[in-house]
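Trainee: predicted model, plus sequence, below.
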Amino acid sequence: MLHRHSSAILDRLNPAQRRAVTTVDGPLLVLAGPGSGKTRVITHRIAYLLAESGGDPPGILAVTFTNKAAREMLERVRVLVPQGNGDLTIGTFHAVCARILRRDGSPIGIPPSFTIADEDDQLAMVRRVLRELNWDEKRFPPRAMLSCISAAKSLLIEPAEFAVRANSYVEERAAVVYPRYQELLVQHDLLDFDDLIMRTVALFREHPAVLDRYRERFRHVLVDEFQDTNVAQYTFARLLAAEHRNICVVGDEDQSIYSWRHADIGNILNFERDFPGTHVVVLEQNYRSTRTILQAARRLIAPNTMRKEKSLFTENDVGERIVVFEAYDENEEAGYVATQIERLLAAGVARPGEIAVMYRTNAQSRVLEKEFLRHRLPHRVVGMRFYERKEIRDLLAYLRLCRNPHDVASFERIINVPPRQIGAKTLADLRQWAREIGVTAPEALELLAEDDDRAAGCPIGARARSALVEFGRLLGILRRASAEMVVARLLERILELTGYRELLDDGTEEGESRLDNVRELITVAEEFSGYGPEGSLAAFLEDAALAADADEYDRASDAVTLITLHAAKGLEFDVVFIVGLEEGLCPHSRSIEDPRQLEEERRLLYVGVTRARRRLFLTYANRRSHFGEGSIREPSRFFRDLPPELVQGTARAVQRPGRSSGSVRQQSRAHSFTDTGSREPDGQQASAVIPLRPGDRVVHPTFGQGVVVSVVDRDGDQEVTVAFPNLPIKRLLASYARLRLVSS
DNA sequence: GTGCCAGGTTTTTTT
DNA sequence: AACCTGGCAC
């Protein structure tokens, strides 16, 4: 029997969705294809649990992948259940675990005031270990070391065990770094991202009473984007649910694109084995895309072996064909995208905010941005990571130092920012002296500034010393200020007293934009004012440490979105352009060797394709410059899985579809395919034979008819400038552009 | 200690 | 092409 709330909650759900919402007892695996109403299912399920519980509201834990997803989910639940009864926790794995550890971490030696190490901190620690070991950073790149250590932690492997299990040269080396790295973290009251999960699991395992309390509290556990969880995260969820078994995981292995961050696709493929008796619900109806787009997506993903078979379908219209465009180079590609967008806007097909351009690597956004500026198209680039900008990190370092005077990494980051006559030598001397008298560098500085007795023995020259004293006083002032004012005011005070504002305000455009960023940071900080001086500082830093740039994304401004394929997951747009679909870029050159990584590249493209509601454009270029050097490119092998009947356009990549790119045998034929496709035998290369002259009428496969404006000889080729009606003037290389002479 | 130049490296993806 | 590093002059 349903309570009165439930009808609204269950309304407008299809049968599969309804099953996913109402199957609340026992383990449940929801396989949610793209556009199948996944978020809807999750929020309605939570609402259902809350509304159905009557007088005994259950504790619910919902874990998401991003803070943004968590916020959205919370908002949508609130709309469904305005009375908000029950105990609901929604957050990312990291945020939830951080909270648990602050509250209950002391039994395993974690101080409640620990700091979350960012990547800078991590790298600083690894570098320090390398220095101690006398290892060359060139031969043992800190990032590679860190990645190995992170992989180990994702698998819940402690240092001692890792030393035994390492099974490659890099791993062996990382295994040497790991224990010392961990020691340094502990010494500095730091937990890295992986520690947040790993230590929580350790807490649960070593202190069953604590685990029991959380099991008692979270009677229902829900995991979103389950395909992206790593072993540690899954273990965390599994521990919580082991007793009541009320665990619901939602995901789609076809959209697993984070293995490089140690996500384990095995979690989703093995869930049923781990929880016998699991109900499985498959959401197969797509409400997002046209039939053409969905069909293309299905064909694209089909060759993957590590997946469960599904039969996605949609009742939507067939829609337009997919457009494939072959560009001469990345500039022409960007020009094409901009021009097409102008056309779509002019035709009223979509607003800028409903259009996205997606690419494999962030570097690709540059050309696009340049071209969009030229065309005066409103656009925004997602992924210029706010919290990774220098000015933001510097200011956060000041804040962290106010809160935790022993934060050595922050201390060293800003000791000479803005420049205040304290160079590497002075810093080294300070460190040395601090070690001698048995304090941390920031403490030693404090002794100097306060003219403590011990300062007398300080072997630092007068000039450097006075610079240090002044800096020490400054820090003292800021620290005292932090106890009296909320974090937003504190930031303003820092800008003033440190001279940071003048440092940024150098009259350049870049300086102006950096100042804007700082203002933005203060605006964000304002939101924490309610917590009072110290509370706002703590809460703000916690938030900043766990913030991801994808969280920044908001659709408020009506601008075209430029975004990486990874960051596009979870979003949708009327019109999607995916650019740079070339061998070496997508699939990326670093993934081409390994079949597993190749499958992930395919999933990545699948994610991009399935973001589109109505129109999809796929483009590639014949040459592209990379690290300042030009290179010839081949179309992506994935084009071979695109049925030609779904495609419009004359690009060679789809004119001669080879067989699927999925099997090894066919991969070896990649070259023969592109070779035969690269030159049509029907006279299209005539342009290389018949010299073009100004005034000639020509036809371009995509731009249509145009008139040659001028011709310049270039390296034995002709650079032809052509005017096409309604398009910007194009400069093309005759041998590549496949211009056909119509009349002279 | 700072600023400038040469030379080498880079970003694939980010909670 | 842009960025960081290391070496050098001031």
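Mentor: Sure, I can see it. Numbers count the residues shown, from 1 in each chain, chains lettered A, B, ... in the order given.

Trainee: for DNA strand C, what's its nearest residue on chain A.
Mentor: A:Gly628 (2.6 Å; CB to the nearest atom of the strand). Placement of C-beta: from N, CA and C, glycine included.

Trainee: any idea how far A:Tyr359 is from that residue?
Mentor: 19 Å (CB to CB, to the nearest Å).

Trainee: need the residues of the stretch 301-450 of chain A near DNA strand C, please.
Mentor: Remark: no part of the stretch 301-450 of chain A is in contact with DNA strand C, using CB under 7 Å from any atom of the strand.

Trainee: rerun at 10 Å
Mentor: By the rule CB under 10 Å from any atom of the strand, the part of the stretch 301-450 of chain A lying against DNA strand C is A:Ala363, A:Arg366, A:Lys370, A:Lys390, A:Gly423, A:Ala424.

Trainee: closest to A:Leu240 among those residues?
Mentor: Closest to A:Leu240 out of those is A:Lys390 (39.3 Å), distances taken as CB to CB.

Trainee: is it true that A:Thr39 lies in a strand?
Mentor: No. Under DSSP: H, G, I helix; E, B strand; the rest coil, A:Thr39 falls outside any strand and is assigned helix.

Trainee: circling back to that earlier point, any idea how far A:Ala363 is from the residue of chain A closest to DNA strand C?
Mentor: To A:Ala363, A:Gly628 is 11 Å away according to CB to CB.

Trainee: now A:Cys248
Mentor: Separation of A:Cys248 from A:Ala363 (CB to CB): 39 Å.

Trainee: who's more crowded, the two?
Mentor: A:Cys248 (29 against 12; other CB atoms under 10 Å).

Trainee: that one against A:Leu28, yeah?
Mentor: Yes. Contact criterion CB atoms under 8 Å: A:Cys248 and A:Leu28 qualify, at 4.3 Å.

Trainee: need the residues touching each of these two.
Mentor: A:Ala20 (CB atoms under 8 Å, 6 or more residues apart in numbering).

Trainee: hmm, back to that, any chance of the residues of the stretch 301-450 of chain A next to DNA strand C in JSON lines, with pLDDT and distance to DNA strand B too?
Mentor: Compiled in JSON lines, these are given as follows (pLDDT from 0 to 100; distance: CB to the nearest atom of the strand, whole Å):
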{"residue": "A:Ala363", "pLDDT": "90", "distance to DNA strand B": "4"}
{"residue": "A:Arg366", "pLDDT": "89", "distance to DNA strand B": "9"}
{"residue": "A:Lys370", "pLDDT": "89", "distance to DNA strand B": "15"}
{"residue": "A:Lys390", "pLDDT": "86", "distance to DNA strand B": "12"}
{"residue": "A:Gly423", "pLDDT": "87", "distance to DNA strand B": "2"}
{"residue": "A:Ala424", "pLDDT": "85", "distance to DNA strand B": "6"}
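
Trainee: now those residues: which count as buried?
Mentor: Buried by 16 or more other CB atoms under 10 Å: nothing, out of these.

Trainee: closest one of the residues you listed to A:Thr702?
Mentor: Taking CB to CB as the measure, A:Thr702 sits nearest to A:Lys370 out of these, at 21.0 Å.

Trainee: and the closest one, helix, strand or coil?
Mentor: helix.

Trainee: correct me, but it touches A:Ala334?
Mentor: Yes. Proximity of A:Lys370 to A:Ala334 meets the contact threshold set by CB under 8 Å, at 7.2 Å.

Trainee: ok, A:Val223 - contacts?
Mentor: Contact partners of A:Val223, counting by CB under 8 Å, 6+ apart, are A:Ala62, A:Val63, A:Thr229, A:Ala237, A:Ile247, A:Cys248, A:Val249, A:Val250, A:Gly251.

Trainee: after whichever helix or strand the first one is part of, which helix or strand is next?
Mentor: So the one you mean is A:Ala62. Counting by DSSP states H and E, the element that carries A:Ala62 is strand A:59-64. Later in the chain than strand A:59-64, the nearest helix or strand by DSSP H and E is helix A:67-80.

Trainee: near DNA strand B, anything from that following helix?
Mentor: Yes. Helix A:67-80 is in contact with DNA strand B by CB under 10 Å from any atom of the strand, via A:Asn67, A:Lys68, A:Ala69, A:Ala70.

Trainee: helix or strand next in line after that helix, which one?
Mentor: Next along from helix A:67-80, by DSSP H and E: strand A:87-92.

Trainee: for that next one, which outside residues touch it?
Mentor: Taking CB under 8 Å, 6+ apart as the rule, strand A:87-92 contacts A:46, A:50, A:57-67, A:70, A:73-74, A:77, A:96, A:99, A:217-218, A:546.

Trainee: what is the neighbour count of the closest residue to DNA strand B within the stretch 601-744 of chain A?
Mentor: The minimum distance from the stretch 601-744 of chain A to DNA strand B, using CB to the nearest atom of the strand, falls at A:Phe627 (3.6 Å). A:Phe627 sits with 6 neighbouring residues when counted by other CB under 10 Å.

Trainee: and if you look at the one 4 residues further on?
Mentor: Applying other CB under 10 Å, we find 11 other residues in the vicinity of A:Ser631.

Trainee: so how far is A:Asp329 from it?
Mentor: A:Ser631 is 10 Å from A:Asp329, by CB to CB.

Trainee: name the residues contacting each of those two.
Mentor: A:Arg623, A:Arg624, A:Ser625.

Trainee: distance check, the first one against A:Pro694.
Mentor: What it means is A:Arg623. Relative to A:Pro694, and taking CB to CB, A:Arg623 is found at 25 Å.

Trainee: more neighbours, those two?
Mentor: The neighbour comparison of A:Arg623 against A:Pro694 (other CB under 10 Å) goes to A:Arg623, with 17 against 11.

Trainee: the more buried one against A:Glu634, yeah?
Mentor: No. If you go by CB under 8 Å, A:Arg623 and A:Glu634 don't touch, sitting 10.5 Å apart.

Trainee: just to revisit the earlier point, I'd like the residues of the stretch 301-450 of chain A next to DNA strand C laid out as a markdown table, including distance to A:Leu537 and secondary structure.
Mentor: Shown next, in a markdown table, are those (distance: CB to CB, whole Å; DSSP: H, G, I helix; E, B strand; the rest coil):
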| residue | distance to A:Leu537 | secondary structure |
| --- | --- | --- |
| A:Ala363 | 36 | helix |
| A:Arg366 | 37 | helix |
| A:Lys370 | 40 | helix |
| A:Lys390 | 21 | helix |
| A:Gly423 | 30 | coil |
| A:Ala424 | 30 | helix |
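
Trainee: which of these lies closest to A:Ala483?
Mentor: A:Lys390 (27.5 Å).

Trainee: any idea of the pLDDT on the residue nearest the centre of chain A?
Mentor: Chain A has A:Ala567 as the residue nearest its centroid, 4.9 Å off, counting by CA atoms, centre = their mean. On the pLDDT scale, A:Ala567 is placed at 90.

Trainee: for it, which three-state class applies?
Mentor: Using three-state DSSP, the structure places A:Ala567 in helix.
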